[in-house]
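> Just the structure for this:
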Amino acid sequence: MVGSAGQQRVQRQFFDEFFVREFSSDEQTLIAKILDTLDNTIRATEAIIDKLKIVKQGLLHDLLTRGIDSNGELRPPQSEMPQHYKESPLGWIPKEWEVRLLDSVAVRGSGHTPNKNIASYWNAGIKWVSLADSHNLDKIFIHETDKEVSELGIANSSAVVHPSGTVILSRDAGIGKSAILVGNMAVSQHFMAWRCGEKMNNLFLYFYLQREKPKFESIAIGSTIKTIGLPFFKSYNVVVPPRYEQDQIVAILMTTEQNLTDHSSELDKLKQQKVGLMDDLLTGRVRVTPLLEGATTP
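Predicted structure coming up:
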(Lines give C-alpha, C1' and ligand atoms only; values in the text may rest on other atoms or scores of the structure.)
Protein backbone atom coordinates (compact mmCIF):
# COMPACT_ATOMS: atom_id res chain seq x y z
CA MET A 1 0.00 0.00 0.00
CA VAL A 2 1.23 3.49 -0.84
CA GLY A 3 -0.09 7.01 -0.24
CA SER A 4 -1.38 8.90 2.77
CA ALA A 5 -3.69 7.36 5.37
CA GLY A 6 -6.79 8.76 3.66
CA GLN A 7 -5.70 7.99 0.07
CA GLN A 8 -3.93 4.65 0.24
CA ARG A 9 -3.90 2.49 -2.88
CA VAL A 10 -2.37 -0.69 -4.22
CA GLN A 11 0.39 -0.09 -6.77
CA ARG A 12 -0.37 -1.24 -10.32
CA GLN A 13 2.83 -3.28 -10.36
CA PHE A 14 1.29 -5.57 -7.73
CA PHE A 15 -1.35 -6.75 -10.22
CA ASP A 16 1.25 -7.24 -12.96
CA GLU A 17 2.96 -9.78 -10.70
CA PHE A 18 -0.18 -11.20 -9.05
CA PHE A 19 -0.67 -14.91 -9.60
CA VAL A 20 -3.56 -17.17 -8.58
CA ARG A 21 -3.60 -20.92 -8.32
CA GLU A 22 -5.23 -22.62 -11.26
CA PHE A 23 -8.25 -24.80 -10.49
CA SER A 24 -10.37 -26.82 -12.86
CA SER A 25 -13.85 -25.55 -13.56
CA ASP A 26 -15.35 -28.38 -11.47
CA GLU A 27 -13.04 -27.57 -8.55
CA GLN A 28 -13.98 -23.89 -8.70
CA THR A 29 -17.67 -24.79 -8.67
CA LEU A 30 -17.31 -27.11 -5.66
CA ILE A 31 -15.16 -24.63 -3.70
CA ALA A 32 -17.70 -21.89 -4.34
CA LYS A 33 -20.51 -24.20 -3.26
CA ILE A 34 -18.74 -25.10 0.00
CA LEU A 35 -18.03 -21.46 0.89
CA ASP A 36 -21.51 -20.33 -0.18
CA THR A 37 -23.10 -22.96 2.07
CA LEU A 38 -21.04 -21.68 4.99
CA ASP A 39 -21.98 -18.08 4.14
CA ASN A 40 -25.66 -19.03 4.21
CA THR A 41 -25.22 -20.60 7.65
CA ILE A 42 -23.47 -17.45 8.88
CA ARG A 43 -26.26 -15.21 7.56
CA ALA A 44 -28.92 -17.44 9.15
CA THR A 45 -27.13 -17.30 12.50
CA GLU A 46 -26.81 -13.51 12.26
CA ALA A 47 -30.55 -13.29 11.59
CA ILE A 48 -31.28 -15.37 14.69
CA ILE A 49 -29.04 -13.11 16.79
CA ASP A 50 -30.81 -10.00 15.46
CA LYS A 51 -34.19 -11.49 16.39
CA LEU A 52 -32.96 -12.47 19.85
CA LYS A 53 -31.74 -8.91 20.44
CA ILE A 54 -35.20 -7.59 19.57
CA VAL A 55 -36.80 -10.17 21.88
CA LYS A 56 -34.39 -9.15 24.65
CA GLN A 57 -35.33 -5.47 24.35
CA GLY A 58 -39.01 -6.33 24.39
CA LEU A 59 -38.56 -8.52 27.46
CA LEU A 60 -36.58 -5.80 29.25
CA HIS A 61 -39.42 -3.37 28.73
CA ASP A 62 -42.24 -5.76 29.59
CA LEU A 63 -40.65 -7.47 32.57
CA LEU A 64 -39.39 -4.23 34.13
CA THR A 65 -42.71 -2.42 33.75
CA ARG A 66 -45.25 -5.26 34.10
CA GLY A 67 -43.42 -8.05 35.87
CA ILE A 68 -44.64 -11.58 36.63
CA ASP A 69 -48.01 -12.32 38.22
CA SER A 70 -48.80 -14.98 40.86
CA ASN A 71 -49.30 -17.57 38.11
CA GLY A 72 -45.79 -17.01 36.77
CA GLU A 73 -47.12 -15.23 33.68
CA LEU A 74 -46.33 -11.78 32.31
CA ARG A 75 -48.93 -9.35 33.65
CA PRO A 76 -51.33 -7.89 31.09
CA PRO A 77 -50.52 -4.25 30.25
CA GLN A 78 -52.03 -1.46 32.34
CA SER A 79 -54.37 -0.48 29.51
CA GLU A 80 -56.01 -3.92 29.64
CA MET A 81 -56.02 -4.53 33.40
CA PRO A 82 -55.83 -1.12 35.14
CA GLN A 83 -56.93 -2.62 38.46
CA HIS A 84 -53.56 -4.40 38.75
CA TYR A 85 -51.56 -1.15 38.54
CA LYS A 86 -51.02 2.06 40.47
CA GLU A 87 -49.58 5.45 39.61
CA SER A 88 -46.08 6.26 40.85
CA PRO A 89 -43.33 8.86 40.30
CA LEU A 90 -41.99 6.45 37.65
CA GLY A 91 -45.32 5.94 35.90
CA TRP A 92 -47.77 3.06 36.14
CA ILE A 93 -46.37 0.09 38.07
CA PRO A 94 -47.91 -3.15 39.39
CA LYS A 95 -49.66 -2.70 42.75
CA GLU A 96 -47.23 -5.08 44.44
CA TRP A 97 -44.23 -2.95 43.47
CA GLU A 98 -42.67 -0.01 45.27
CA VAL A 99 -40.69 3.02 44.14
CA ARG A 100 -37.69 3.45 46.42
CA LEU A 101 -34.51 5.47 46.54
CA LEU A 102 -31.80 3.16 45.24
CA ASP A 103 -29.78 4.19 48.31
CA SER A 104 -32.46 2.58 50.50
CA VAL A 105 -31.96 -0.90 48.99
CA ALA A 106 -28.27 -0.76 48.07
CA VAL A 107 -25.12 0.77 49.52
CA ARG A 108 -23.75 3.37 47.11
CA GLY A 109 -20.05 3.94 46.54
CA SER A 110 -17.65 5.27 43.96
CA GLY A 111 -13.93 5.25 43.34
CA HIS A 112 -10.74 7.14 42.69
CA THR A 113 -7.48 7.04 40.76
CA PRO A 114 -4.30 6.55 42.80
CA ASN A 115 -1.38 8.78 41.86
CA LYS A 116 -0.14 7.50 38.50
CA ASN A 117 3.35 8.89 39.12
CA ILE A 118 3.99 6.54 42.04
CA ALA A 119 4.87 3.11 40.65
CA SER A 120 4.24 1.29 43.93
CA TYR A 121 0.55 2.21 43.71
CA TRP A 122 0.08 0.18 40.53
CA ASN A 123 0.27 -3.29 38.98
CA ALA A 124 -0.06 -5.20 42.23
CA GLY A 125 -3.03 -7.53 42.09
CA ILE A 126 -6.15 -5.45 42.80
CA LYS A 127 -8.23 -5.18 39.65
CA TRP A 128 -9.26 -1.59 38.93
CA VAL A 129 -12.12 -0.74 36.57
CA SER A 130 -11.54 2.41 34.50
CA LEU A 131 -12.78 3.92 31.25
CA ALA A 132 -10.23 1.70 29.49
CA ASP A 133 -12.55 -1.20 30.35
CA SER A 134 -15.62 0.18 28.55
CA HIS A 135 -15.41 -2.68 26.04
CA ASN A 136 -15.86 -5.16 28.91
CA LEU A 137 -19.05 -3.54 30.20
CA ASP A 138 -22.66 -4.32 29.20
CA LYS A 139 -21.82 -8.05 29.22
CA ILE A 140 -23.43 -8.63 32.64
CA PHE A 141 -20.22 -9.66 34.40
CA ILE A 142 -16.76 -8.11 34.31
CA HIS A 143 -13.93 -10.55 35.10
CA GLU A 144 -10.79 -8.73 33.95
CA THR A 145 -9.55 -5.14 33.93
CA ASP A 146 -6.98 -3.27 31.89
CA LYS A 147 -5.11 -2.08 34.98
CA GLU A 148 -4.44 -3.14 38.56
CA VAL A 149 -3.60 -1.13 41.65
CA SER A 150 -1.86 -2.07 44.89
CA GLU A 151 -2.99 -2.10 48.50
CA LEU A 152 -0.66 0.85 48.99
CA GLY A 153 -2.46 2.69 46.18
CA ILE A 154 -5.81 2.01 47.81
CA ALA A 155 -4.53 3.15 51.23
CA ASN A 156 -3.19 6.41 49.83
CA SER A 157 -6.20 7.44 47.76
CA SER A 158 -9.98 7.69 48.02
CA ALA A 159 -10.31 4.42 46.11
CA VAL A 160 -11.94 1.48 47.88
CA VAL A 161 -12.19 -2.23 47.09
CA HIS A 162 -15.77 -3.22 46.30
CA PRO A 163 -16.86 -6.80 46.98
CA SER A 164 -17.72 -9.32 44.30
CA GLY A 165 -21.31 -8.90 43.15
CA THR A 166 -21.23 -5.09 43.26
CA VAL A 167 -23.07 -3.41 40.38
CA ILE A 168 -21.13 -0.62 38.66
CA LEU A 169 -22.23 2.11 36.24
CA SER A 170 -20.16 4.48 34.12
CA ARG A 171 -21.25 8.08 34.64
CA ASP A 172 -18.78 9.63 32.18
CA ALA A 173 -17.52 8.47 28.78
CA GLY A 174 -19.55 5.41 27.88
CA ILE A 175 -22.37 6.84 29.98
CA GLY A 176 -24.79 4.24 31.29
CA LYS A 177 -22.62 1.19 30.64
CA SER A 178 -22.84 -1.24 33.52
CA ALA A 179 -21.59 -4.57 34.84
CA ILE A 180 -21.39 -6.78 37.91
CA LEU A 181 -17.98 -7.33 39.50
CA VAL A 182 -16.71 -10.91 39.56
CA GLY A 183 -14.24 -10.78 42.41
CA ASN A 184 -13.23 -7.87 44.60
CA MET A 185 -12.27 -4.80 42.56
CA ALA A 186 -11.71 -1.07 42.83
CA VAL A 187 -13.10 1.46 40.35
CA SER A 188 -12.11 4.90 39.11
CA GLN A 189 -14.01 8.07 39.98
CA HIS A 190 -15.88 7.72 36.68
CA PHE A 191 -18.03 4.95 38.13
CA MET A 192 -20.86 4.53 40.59
CA ALA A 193 -21.06 1.29 42.56
CA TRP A 194 -23.91 -0.35 44.46
CA ARG A 195 -23.75 -3.26 46.88
CA CYS A 196 -27.26 -4.66 46.94
CA GLY A 197 -29.12 -5.58 50.10
CA GLU A 198 -31.71 -8.30 50.67
CA LYS A 199 -34.46 -6.37 48.89
CA MET A 200 -32.53 -5.94 45.63
CA ASN A 201 -31.22 -8.74 43.41
CA ASN A 202 -27.99 -7.40 41.89
CA LEU A 203 -28.86 -8.92 38.52
CA PHE A 204 -32.25 -7.21 38.62
CA LEU A 205 -30.48 -3.90 39.26
CA TYR A 206 -28.08 -4.57 36.37
CA PHE A 207 -30.93 -5.18 33.93
CA TYR A 208 -32.83 -2.16 35.29
CA LEU A 209 -29.79 0.07 34.70
CA GLN A 210 -29.45 -1.36 31.19
CA ARG A 211 -32.99 -0.30 30.40
CA GLU A 212 -32.30 3.16 31.88
CA LYS A 213 -29.30 3.80 29.63
CA PRO A 214 -31.13 6.20 27.26
CA LYS A 215 -32.19 8.23 30.32
CA PHE A 216 -28.63 8.44 31.61
CA GLU A 217 -27.38 9.54 28.20
CA SER A 218 -30.04 12.25 27.95
CA ILE A 219 -29.26 13.89 31.32
CA ALA A 220 -25.46 13.89 31.02
CA ILE A 221 -23.99 17.38 30.70
CA GLY A 222 -20.63 18.86 29.75
CA SER A 223 -18.98 20.45 26.74
CA THR A 224 -15.88 18.27 26.42
CA ILE A 225 -16.76 15.12 28.36
CA LYS A 226 -20.37 14.62 29.31
CA THR A 227 -21.00 13.34 32.81
CA ILE A 228 -23.73 12.72 35.36
CA GLY A 229 -23.11 14.51 38.65
CA LEU A 230 -23.11 12.66 41.96
CA PRO A 231 -26.21 14.52 43.31
CA PHE A 232 -28.34 12.77 40.68
CA PHE A 233 -27.58 9.35 42.15
CA LYS A 234 -28.31 10.50 45.70
CA SER A 235 -31.94 11.01 44.70
CA TYR A 236 -32.20 8.25 42.09
CA ASN A 237 -35.43 6.25 42.35
CA VAL A 238 -35.93 2.69 41.10
CA VAL A 239 -38.83 0.25 41.02
CA VAL A 240 -38.59 -2.51 43.61
CA PRO A 241 -40.77 -5.57 42.99
CA PRO A 242 -40.98 -8.21 45.73
CA ARG A 243 -37.72 -10.14 45.88
CA TYR A 244 -39.26 -13.41 44.65
CA GLU A 245 -40.58 -11.58 41.59
CA GLN A 246 -37.20 -9.99 40.93
CA ASP A 247 -35.68 -13.46 40.99
CA GLN A 248 -38.24 -14.74 38.45
CA ILE A 249 -37.61 -11.77 36.16
CA VAL A 250 -33.86 -12.31 36.37
CA ALA A 251 -34.21 -16.02 35.53
CA ILE A 252 -36.10 -15.20 32.32
CA LEU A 253 -33.66 -12.49 31.25
CA MET A 254 -30.62 -14.66 32.00
CA THR A 255 -32.05 -17.46 29.84
CA THR A 256 -32.40 -14.97 26.99
CA GLU A 257 -28.85 -13.71 27.56
CA GLN A 258 -27.50 -17.27 27.52
CA ASN A 259 -29.30 -17.96 24.26
CA LEU A 260 -27.72 -14.84 22.76
CA THR A 261 -24.29 -15.82 24.06
CA ASP A 262 -24.57 -19.34 22.63
CA HIS A 263 -25.55 -18.10 19.17
CA SER A 264 -22.87 -15.39 19.24
CA SER A 265 -20.24 -18.01 20.09
CA GLU A 266 -21.52 -20.19 17.25
CA LEU A 267 -21.26 -17.22 14.87
CA ASP A 268 -17.66 -16.59 15.91
CA LYS A 269 -16.81 -20.26 15.27
CA LEU A 270 -18.45 -20.17 11.84
CA LYS A 271 -16.53 -17.04 10.86
CA GLN A 272 -13.26 -18.58 12.00
CA GLN A 273 -14.12 -21.75 10.10
CA LYS A 274 -14.74 -19.68 6.96
CA VAL A 275 -11.36 -17.96 7.23
CA GLY A 276 -9.66 -21.31 7.67
CA LEU A 277 -11.52 -22.91 4.78
CA MET A 278 -10.78 -20.02 2.44
CA ASP A 279 -7.10 -20.25 3.28
CA ASP A 280 -7.04 -24.02 2.82
CA LEU A 281 -9.20 -24.27 -0.31
CA LEU A 282 -8.08 -21.16 -2.21
CA THR A 283 -4.38 -21.93 -1.75
CA GLY A 284 -4.83 -25.56 -2.72
CA ARG A 285 -3.53 -26.74 0.65
CA VAL A 286 -6.69 -28.82 0.90
CA ARG A 287 -7.95 -30.11 -2.43
CA VAL A 288 -11.55 -30.91 -3.28
CA THR A 289 -10.43 -33.40 -5.94
CA PRO A 290 -11.38 -36.44 -3.77
CA LEU A 291 -14.91 -35.04 -3.49
CA LEU A 292 -15.12 -34.66 -7.26
CA GLU A 293 -13.80 -38.16 -7.79
CA GLY A 294 -16.39 -39.53 -5.32
CA ALA A 295 -19.14 -37.69 -7.16
CA THR A 296 -18.17 -39.25 -10.49
CA THR A 297 -17.60 -42.78 -9.21
CA PRO A 298 -20.31 -45.11 -10.63
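> Walking through the stretch 1-150 of the chain, point out its helices one by one.
Along the stretch 1-150 of the chain, counting by DSSP state H, counting those that start in this stretch, helices occupy 12-16, 25-65.
> what's the most buried one of those?
helix 25-65 (a mean of 14; mean count of other Cβ atoms under 10 Å). All C-beta spots, glycine's among them, are computed from the backbone N, C-alpha and C.
> Which elements pack onto that helix?
helix 202-211, helix 243-282, helix 289-296 (3 or more Cβ pairs under 8 Å, 6 or more residues apart in numbering; DSSP states H and E).
> Take these and lay them out in a markdown table including distance to residue 159, mean pLDDT and mean neighbour count.
Shown next, in a markdown table, are those (distance: least, Cβ to Cβ, whole Å; pLDDT from 0 to 100; neighbours: other Cβ atoms under 10 Å):
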| stretch | distance to residue 159 | mean pLDDT | mean neighbour count |
| --- | --- | --- | --- |
| helix 202-211 | 21 | 97 | 21 |
| helix 243-282 | 30 | 92 | 15 |
| helix 289-296 | 61 | 51 | 11 |
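> out of these, which comes closest to residue 233?
Smallest distance to residue 233 across those (Cβ to Cβ): 11.1 Å, for helix 202-211.
> relative to helix 25-65, how tilted is the closest one?
Computed with axes from the mean of the first three to the mean of the last three Cα atoms, to 10 degrees, the direction of helix 202-211 lies at 100 degrees from that of helix 25-65.
> Rebuild the helices and strands packed on helix 25-65 as CSV, extending it with distance to residue 171.
Shown next, in CSV, are these (distance: least, Cβ to Cβ, whole Å):
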stretch, distance to residue 171
helix 202-211, 11
helix 243-282, 24
helix 289-296, 58
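> right, so of those helices, which gets closest to residue 149?
helix 202-211 (23.3 Å).
> Taking helix 243-282 as reference, get the angle to the closest one.
For helix 202-211 and helix 243-282, the angle between their directions (the same axes, to 10 degrees) works out to 70 degrees.
> helices and strands around helix 202-211, which ones?
When contacts are defined as 3+ Cβ pairs under 8 Å, 6+ apart, helix 202-211 sits against helix 25-65, strand 167-170, strand 178-181, strand 191-196, strand 237-240, helix 243-282.
> Same list, these, but as a markdown table with distance to residue 224 please.
Converted to a markdown table, these look like this (distance: least, Cβ to Cβ, whole Å):
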| stretch | distance to residue 224 |
| --- | --- |
| helix 25-65 | 31 |
| strand 167-170 | 16 |
| strand 178-181 | 23 |
| strand 191-196 | 19 |
| strand 237-240 | 29 |
| helix 243-282 | 35 |
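> Out of the ones you listed, flag the one nearest residue 119.
Comparing the helices and strands packed on helix 202-211 by their distance to residue 119 (Cβ to Cβ), the top pick is strand 191-196, with 23.8 Å.
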